[in-house]
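Peer 1: Below is the sequence, then the predicted model.
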Amino acid sequence: MFISKLMKTICTCTLIIITQIVAADDVSFGVNNPNLGKVLSAEYVDQVDFVVMPNGDGLPQGSGNAVSGKELFNVQCIACHGNEAKGGINGDLAGGHGTINGPLPKKTVGSYWPYATILFDYIRRAMPYQTPGTLTNDEIYALTAYILYLNDIVTEKEIMSSETLPRIIMPNSEGFVWAYSASE
Amino acid sequence: MKKLTENMNFTAKNGLLDRRFFLKAGLGVGGGLLSASAIGSEGKDRFPWMKQPGSGMGESGPSNFESHIKRDSVGTQPGTTGSGASRTPIEHLDGIITPSRLHFERHHSGIPEIDPDQHRLIIHGLVERPLSFSLESLARYQHTSNIQFLECSGNSGGNMMAPQPLQRKASDLHGLVSCSEWGGIPLKVLLEEAGVKPEGKWIVASGSDAAMMSRSVPIEKIMDDAIIATHQNGEPLRPSNGYPMRLFLPGWEGNACVKWLRTIKVTSGPSMTKDETSKYSDLRDDGIAELFTFPMGVKSVITSPSVGLNFAGAGIYQVKGIAWSGSGKIKTVELSADGGNTWAEALLDQHVLSKSLTRFRSAWNWDGTPATIMSRAIDEKGNVQPSRESWFVGRAKNTFYHFNAIQTWAINSAGEVSNVYL
């Protein structure tokens, strides 16, 4: 009982000391900064972090292929993007290969986009248009796989996951340069 | 009585007058004619609205007679109500400030209704301490305010894409630009509080709209002049401009100024989001596309005369318009009324601010014969607004971002204005 109480006291003291150290450190940031930012836990940050990087950082667990992706696409996406992602009311996602350096470039996922990871990032953020945030990670991987399949980039059975998706080399991956450089 | 033309000082051919003509002339030709609507008591004239007290104070908007001045050319993606754009009616405005109700819009999944008490700005990623800020706590930080333009990089794309010039109003063609006094907190201050790690070179900004709009921005720009904007023209941001907060990057393309800002993730490089790769990338004629073409080029447009604002017979007219540059201040605006053979300097209004709209004016004695009129802006860095022909050099045919070529208007002998390519 006594030991337990002592431990509690020690813990409380440690906590106070840590708090004071953080506070002292904060002062160095500048006298005009009121330092009101609330420090967040890793768990909280993970819940609000949607960023996916081209190297796959940020991709969650889960997987899917074009077979299941097609079923889902024909329910969730076909109304706007059309059968097999062509001829819909809102932008073809497939086709146009080889047109980018021609007289009438047709920009689609397959003909233009530089990284396959963009598909997962964008679908998770914004799609389906009317009900964003309702797809599971497996479903997003499956839709990603189906759109890549429609562009002849993966096979029908190929599994897309945090391991495989960043390794996809898109047909137009060499078609970009940066206009921005840090020295500007 | 001396004829007006005796005092005219022509500065370029085809009728362009000294830019200070109106200031010098003190024209006595204005002034409303007395209405014979009603003869008041004692033989004096009063309009009907002078014969009874007007309406009360409080809520009142623009005059009912100006109700046609509104956001124009509203368009949205099929099957949506909030994924598209509306334009600023630039041909009806003067000065440099765009009233907030008339600021152009470009949304990707509508305007969210955000409860400011629940909203948080979160800074995370390559920082020593991930932090969360409430609106209430941000109000205690040192704010700054600047008058600066915001332009969608797709602005004026119609003039680039259409093989024949579109006979559309100035707002339809160029209305994706506005200018406001933006108030907020330098993002640098908040990032320093979080402690950016040495490997943190970019940030990825995400909005809390339904599309979670996201763009990557180099840390140099963030540390230079980026702000978390909370105020626009003195009042809290309008929902259509990101209430309660947006990223504002002076001089850079509007799309990167993420509205309804929720998270800032410090990263080692860009995330390559959909809107910075498949969109807002600039395709060259060699098939290579340029990413991260952030700054908006030097540009000007004559807003009057323009399509729909015709001349009523030969005589002296005010020519006016707006000029801006994402690289700094406007140095000069030149006008030509003879197809670009001779140029005269326009008069700039008092406020010539960095990365802001600048108002220019001049006087034109139009002789009633067919003519063209165009403006060319030059900024303090020496950048010159290009001709349409020179803008195309090196660019693909099916791209339309960052189109800043000279706009030419033609006036026929009836005084009707049309859009022409020169």
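Peer 2: That came through fine.

Peer 1: drop to CA atoms for contacts and neighbour counts, all remaining ones
Peer 2: Fine.

Peer 1: Give me the distance between the residue of the stretch 251-400 of chain B found nearest chain A and residue A:172.
Peer 2: Nearest residue of the stretch 251-400 of chain B to chain A (CA to the nearest CA) works out as residue B:287 at 3.7 Å. Distance, residue B:287 to residue A:172, by CA to CA, to the nearest Å: 10 Å.

Peer 1: ok, back up a step: does the residue of the stretch 251-400 of chain B closest to chain A touch residue B:397 like I think?
Peer 2: No: using CA atoms under 8 Å, residue B:287 is not in contact with residue B:397, being 10.4 Å away.

Peer 1: More neighbours: the two, which one.
Peer 2: Remark: of residue B:287 and residue B:397, residue B:287 carries more neighbours, 20 against 17, as counted by other CA atoms under 10 Å in any protein chain shown.

Peer 1: quick one, what contacts that one?
Peer 2: Contacts for residue B:287 (CA atoms under 8 Å, 6 or more residues apart in numbering or on different chains) come out as A:100-102, A:175, B:396.

Peer 1: Looking at those residues, spot the one nearest residue B:207.
Peer 2: residue A:175 (28.4 Å; CA to CA).

Peer 1: Pull the contacting residues for the residue lying closest to that closest one once chain neighbours are set aside.
Peer 2: The shortest distance from residue A:175 to any non-neighbouring residue, by CA to CA, 6 or more residues apart in numbering or on different chains, is to residue B:288 (4.8 Å). Residues near residue B:288 by CA under 8 Å, 6+ apart: A:101, A:175-177.

Peer 1: if we can go back for a sec, tell me the one of the contacts of residue B:287 nearest residue A:46?
Peer 2: If you rank these by distance to residue A:46 using CA to CA, residue A:175 comes first, at 32.9 Å.

Peer 1: Stretch A:94-109: how far from the chain's middle?
Peer 2: The chain centre lies 25 Å from the centre of stretch A:94-109; the measure is CA atoms, centre = their mean, to the nearest Å.

Peer 1: Could you do stretch A:164-180 as well?
Peer 2: Its chain's C-alpha centre and that of stretch A:164-180 lie 16 Å apart, by CA atoms, centre = their mean.

Peer 1: before we move on, the earlier item: now the contacts of residue B:287 as TSV including secondary structure?
Peer 2: What follows is the contacts of residue B:287, written out as TSV (DSSP: H, G, I helix; E, B strand; the rest coil):
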residue	secondary structure
A:100	coil
A:101	coil
A:102	coil
A:175	coil
B:396	coil
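
Peer 1: now those residues: which count as buried?
Peer 2: Buried by 16 or more other CA atoms under 10 Å in any protein chain shown: A:100-101, A:175, B:396, out of those.

Peer 1: With respect to residue B:93, which of these is nearest?
Peer 2: Nearest to residue B:93 among the buried ones among the contacts of residue B:287, with distances taken as CA to CA, is residue B:396, at 33.8 Å.

Peer 1: I figured the closest one hits residue B:289, correct?
Peer 2: No: using CA under 8 Å, residue B:396 is not in contact with residue B:289, being 9.1 Å away.

Peer 1: between those two, what contacts are shared?
Peer 2: By the contact definition CA under 8 Å, 6+ apart, residue B:396 and residue B:289 are jointly contacted by residue B:283.

Peer 1: Where does pLDDT dip in chain A?
Peer 2: Residues of chain A meeting the criterion pLDDT under 70: A:1-31, A:183-184.

Peer 1: let's go with 80 and repeat that
Peer 2: Applying pLDDT under 80 to chain A flags the ranges A:1-32, A:182-184.

Peer 1: Domain map for it?
Peer 2: If you go by automatic domain parsing, the domain ranges for chain A are A:1-32, A:63-167.

Peer 1: Pick the most buried one from the ones you listed.
Peer 2: Stretch with highest mean neighbour count among these: domain A:63-167 (a mean of 20; mean count of other CA atoms under 10 Å in any protein chain shown).

Peer 1: at contact distance from chain B, anything in it?
Peer 2: Yes: Domain A:63-167 lies within reach of chain B by CA under 8 Å from any CA of the partner chain, at A:80, A:89-90, A:100-105, A:107-109, A:112-115, A:118-119, A:121-122, A:125-127, A:129, A:132.

Peer 1: can you map out the helices along the stretch 201-350 of chain B?
Peer 2: Per DSSP state H, counting those that start in this stretch, the stretch 201-350 of chain B carries helices over the ranges B:219-225, B:274-277.

Peer 1: quick one: low-confidence parts of the stretch 251-400 of chain B?
Peer 2: Within the stretch 251-400 of chain B, the ranges that satisfy pLDDT under 80 run B:398-399.

Peer 1: Residue numbers of it in contact with chain A?
Peer 2: Residues of the stretch 251-400 of chain B lying near chain A by CA under 8 Å from any CA: B:263, B:265, B:270-274, B:277-278, B:285-294, B:396-398.

Peer 1: mind redoing it with 10 Å?
Peer 2: Contacts of the stretch 251-400 of chain B with chain A, taken as CA under 10 Å from any CA of the partner chain, map to B:262-265, B:267-275, B:277-279, B:281-295, B:396-399.
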